[in-house]
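# what follows is a predicted protein model with its sequence.
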Amino acid sequence: MVEPADRSSTAGQRLGAPESFGVSTLEPGLRPPAQPPGRQVSIRVQMLDDTQEVFQISQRSPGKVLFDLVCAHLNLVEGDYFGLEYQDQRKMTVWLDLLKPTLKQIRRPKNTILRFVVKFFPPDHTQLMEELTRYLFALQIKRDLACGRLICNDTSAALMVSHIIQSEIGDFDETQSWQHLLHNKYLPDQDAIRDEIIDCHREHVGQTPAESDYQLLEIARRLEMYGVRLHPAKDREGTKLSLAVANSGVLVFQGNTKINSFNWSKIRKLSFKRKRFLIKLRADPTNAHHDTLEFAMASRDCCKVFWKICVEYHAFFRLFEEPKPKPKPILFTRGSSFRFSGRTQKQIIDYVKDSEPKKVPFERKHSKMLSNSSMSPQSASTRSHKYKYKLAVHFIVEAEFLFVSNLTLSLIFSCHLLLLFVLFLTPASPPLSIFFFYSRPSGSPGSENSPLGGPHVAVNGNGSVNGQRMGSTGVLGAEQSPEVQPLSPLTSPLLTEAGYVRNDEEDEKFPTDKAYFIAKELLTTERTYLKDLQVITESFQSAVGKDEAFPDSVRSLISANYDPVYKFHQGFLKETEQRLAQWEGRSNAHIKGDYQRIGDVLLKNIQGLRQLTIHLQKHSECLVELERACRSSRKVETLCRDFEQQRVCYLPLNIFLLRPLHRLLHYKLILERLCKHYPPTHDDFRDCRAALADISEMVLQLQGIMMKMENFQKLIELKKDLTGVEDLMSPGREFIRLGCLSKLSGKGLQQRMFFLFSDCLVYTSRGMTPSNQFKVHGQLPLYGMTIRESEEEWGVPHSFTLFGQRQSVVVAASCASEMERWVEDIRMAIDLAEQSSGLNNDLLSTSLSDNSKSSTDGGGEQESEDELGGSRSSLERQGHRGNTTVHVCWHRNTSVSMVDFSIAVENQLSGNLLRKFKNSNGWQKLWVVFTNFSLFFYKSHQDDYPLASLPLLGYSVTVPSESENIHKDYVFKLHFKSHVYYFRSESEYTFERWVSSSLLSETFRFSSTKVKRVTLI
């Protein structure tokens, strides 16, 4: 699958469907097919092993692009035997046409799951050259057996199931085989022939998974129903029949019995007329059939579906090469233009023989054995060392049992050394990594209170990783504990700790005092803050320092006032980390004292921070001078814009310049929470109260500068989002609110983006420029404006009329609460305008003459929120304009105010969370940063740039219900329409902080009356 960094993404994609961060199976140097430009759409595909993958395709790309992406993801060379099927709006199962645009076939991609299945069944499985292809065919046979589609006698069924079991669990073991059959259903009536299956399995000792696949296909290909997909029909007498197509021709079934077949060599033409399917045969005096056979099907659509698959089967098995497209007629078209697309069977066989493609490793999801191609090449002596692996693991298990009985640790470590010797010094052993950690089985002595637990082995490499399956040559093998949870296919190594896969049963032990978690919030947000400072002090200065066009005065000004702050906070972070390590008991320092406190560290560093007040006051000057340099030099503006394209600059550049001022607010809020938590008699209370007094004084001193700079920074950002505005940042203008409203015009209600300032109201539409800027359509002076609700007058819900001195505008909000916010803010802005000097004739310098014609236009192409509202959004953006708050409001049809921005600044958060998608099983551990109304996801806090982002405007915050089966504590749920994400925090305090940070903004909704910890039993 194409990785996010390998292609650019559109605004819709960044607000849209989730990206998969699974590890691609592509070989180095291989890339998925190129896609046409356009908005990206997420398509879900269910594989033959029942996993689901998400693929990103362009809205204009044909079906072949999606199919090639799936084959590239699997490293499948013989992919033309397979196809993608889905249910269309008529509830009919149809094949994806590779020549037509995918979105013209799948009308609702959000609600459609395509299935990757076998489409063409060859008569002889020896024609399948690759082991991966035969494995996928075996999965298809397994699925057909389970659903009752592949009907056969009991003897054949038992033999096939025994080969499937052999490939999954390995050699026969009576207890294990019985248990496996009890927990897995391979046949609809499996219980009746269970003894026969066991007897067959007993005979397959030593058979590898690849050999089992081969034998399974050998039996299946001889069955009458092999590869048959029945299509109901009736003959001329009204007898119920079924039609099917195979490699040899068209088949006729009555029930499950084949009563006739028409070979391709005997068929002259296949056609359909309305709901009649016609087979025209070649003239043959010895043939008793009529020249034309007629079958009635349920509808014309059923006829067309069957006719298409017949055309494809004939072309695939009978032609030497792909048929050429028919020339387009000049005047009239007759008949269907449908044709087979792809390589024929002969072309596939020739290609594999000539190219001799390299065998690629693949994973057998349901198998506890390791296929030869699933691992790196090993010598034949590997099996001879199987006993050594089991012996070493047996010693460790025995040692763990002795340890539980409170015996010595020496035996355990001796066994670990033995295992290391067997694994690493045996020539035939695969490369494995061993990690040791201590845990105890629940209920064992000392499992909770003892500082030590039982030794446990986590193996990383080609074997298992603490819960993944191990092959028969692996360490854990079939004897691994049933309590070990398998790793979810959606839990990628990219998103877990290096060499370690999180087990949901493992819980890190932390102090339980609320003060500890408040201090930990200080630590996590300080780490993010230092990374943000690094964007200015290192990344930005490195980017502009090489260019002579950037003014030296601005460079020196930024360096002189940000570098000292950065160096100071490096020391602050180090002290905080040391104190938290001592608090958690992880420190090796042999120092006596009470370290379960943070007030003394805060007091010391805030007093040191006061010495930097002169630099903090200069930060506003840095912002103004940088903007002045950009306005005076096109080259400087280009330098800054290019820097914003870099992944390290995940927010607008000007926001990073304001981070030191914002951080003062964070310190103040953290200290307020500590003082509220501590009783006055607590040892840490006095230091926290003194630090709070110092930081409150600093905030009060810099608050005026901060408010002016936040407004100035917001106007700078809006200037980049608007086109047709020359002087947005006029003195005295304040930003109040932006968002979507529907404007009533001669063409009806049209979506418009409104920007409310202290002196005017501007309405725009989304332009079609490369940067997707918003084009100004008009502006209304606020001086002398009146506002009136007009829902009854116009019959439009949530509508109100703005009466200006020059014109009147009728607008409608998306809901009642949105209307209340807009009306309240507009009335406040009108009062501010009345208190000013009066009507400002030179509001916004715009070329309204150019916009007059477009003021009643549709305002550009409307993009579906279903295509824009998903989770894992790529940060590879064009022009950095598609992920701004303005564009999110446009797509989500909502609004935000300057008050919302200020509240969001105060409630920035960062820390580790476990994330789970709606349809996934595992939890992914991520470093998450909440800022600017978005969640940014990192692998760890040390990463320089985020992996993905999720804009949260319009999302609802709830707790999972019991029906959602989330059996964990401290879980909150984010959802918007059909997009659902679960996040799990480490404590009740962090849970409340993450939820309340979201709720404090008016742009979030909470459907419950009270936020509480939810424990599901």
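Received the coordinates, thanks.
# now do the end-to-end distance for stretch 903-919.
33 Å (C-alpha to C-alpha, to the nearest Å).
# average pLDDT across it?
For stretch 903-919, the mean pLDDT works out to 89.
# do the same with stretch 91-111
Here the average pLDDT along stretch 91-111 is 87.
# can I get the CA coordinates of it in PDB?
Taking Å, rounded to 0.1, in the frame of the first residue of the first chain, the C-alpha atoms of stretch 91-111 are listed here in PDB:
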ATOM      1  CA  LYS A  91     -27.700  -5.900  -3.300                       C
ATOM      2  CA  MET A  92     -26.200  -7.900  -6.200                       C
ATOM      3  CA  THR A  93     -22.700  -9.200  -5.900                       C
ATOM      4  CA  VAL A  94     -20.700  -7.900  -8.900                       C
ATOM      5  CA  TRP A  95     -17.100  -7.700 -10.000                       C
ATOM      6  CA  LEU A  96     -15.200  -4.400 -10.000                       C
ATOM      7  CA  ASP A  97     -14.700  -3.300 -13.600                       C
ATOM      8  CA  LEU A  98     -11.000  -2.500 -14.000                       C
ATOM      9  CA  LEU A  99     -11.500   0.000 -16.800                       C
ATOM     10  CA  LYS A 100     -14.300   2.100 -15.300                       C
ATOM     11  CA  PRO A 101     -13.600   4.700 -12.600                       C
ATOM     12  CA  THR A 102     -14.000   3.100  -9.200                       C
ATOM     13  CA  LEU A 103     -16.300   5.700  -7.700                       C
ATOM     14  CA  LYS A 104     -18.700   5.400 -10.600                       C
ATOM     15  CA  GLN A 105     -19.200   1.800  -9.600                       C
ATOM     16  CA  ILE A 106     -19.100   2.200  -5.900                       C
ATOM     17  CA  ARG A 107     -21.500   5.000  -5.000                       C
ATOM     18  CA  ARG A 108     -20.900   4.900  -1.300                       C
ATOM     19  CA  PRO A 109     -17.300   3.900  -0.700                       C
ATOM     20  CA  LYS A 110     -17.600   4.700   3.000                       C
ATOM     21  CA  ASN A 111     -20.200   1.900   3.500                       C
END
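# what does that stretch rub up against?
17, 41-43, 57, 59-67, 83-89, 112, 114, 119, 301-302, 305, 308-309, 312, 338-339, 341-342, 866-867, 978 (C-beta atoms under 8 Å, 6 or more residues apart in numbering). Bear in mind the C-beta positions are built from the backbone N, C-alpha and C, glycine included.
# quick check: buried residues in that stretch?
For stretch 91-111, the neighbour count (16 or more other C-beta atoms under 10 Å) marks 94, 95, 96, 97, 98, 101, 102, 103, 105, 106, 109, 110 as buried.
# same for the top helix by length along the chain, what does it pack against?
Counting by DSSP state H, the longest helix found in the chain is helix 685-721. Applying 3 or more C-beta pairs under 8 Å, 6 or more residues apart in numbering; DSSP states H and E, we find helix 685-721 packed against helix 599-610, helix 613-632, helix 653-657, helix 659-677, strand 735-745, helix 885-892, helix 898-906.
# one more pass at 6 Å, please.
helix 599-610, helix 613-632, helix 659-677, strand 735-745 (3 or more C-beta pairs under 6 Å, 6 or more residues apart in numbering; DSSP states H and E).
# which parts of the third one are buried?
Just to be clear, that refers to helix 659-677. Counting neighbours by 16+ other C-beta under 10 Å, one finds that the buried residues in helix 659-677 are 659-668, 670-671, 673-675, 677.
# repeat that for the shortest one.
Applying a neighbour-count criterion of 16+ other C-beta under 10 Å, the buried positions in strand 735-745 are 735, 736, 737, 738, 739, 740, 741, 742, 743, 744.
# who does it pair up with?
Strand pairing for strand 735-745, using DSSP bridges, gives strand 748-757 (antiparallel), strand 808-812 (antiparallel), strand 895-897 (antiparallel).
# okay, and which of the contacts of stretch 91-111 map to helices?
63, 64, 65, 66, 67, 301, 302, 305, 308, 309, 312.
# picking up where we left off before, just the buried ones from the contacts of stretch 91-111?
Neighbour counting by 16+ other C-beta under 10 Å classes 17, 41-43, 57, 59-67, 83-84, 86, 114, 119, 302, 305, 308-309, 312, 341-342, 866-867 among the contacts of stretch 91-111 as buried.
# could the helices and strands packed on helix 685-721 go into CSV alongside mean pLDDT and distance to residue 774?
Formatted as CSV, the helices and strands packed on helix 685-721 follow (pLDDT from 0 to 100; distance: least, C-beta to C-beta, whole Å):
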stretch, mean pLDDT, distance to residue 774
helix 599-610, 93, 40
helix 613-632, 91, 20
helix 659-677, 93, 27
strand 735-745, 90, 10
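# could you dump those to TSV with distance to residue 512?
Shown next, in TSV, are these (distance: least, C-beta to C-beta, whole Å):
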stretch	distance to residue 512
helix 599-610	19
helix 613-632	36
helix 659-677	13
strand 735-745	43
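# now do the helix or strand harbouring residue 574: which elements does it pack against?
Secondary structure assignment for residue 574, by DSSP states H and E: helix 552-584. If you count contacts as 3+ C-beta pairs under 6 Å, 6+ apart, helix 552-584 packs onto helix 514-534, helix 599-610, helix 613-632.
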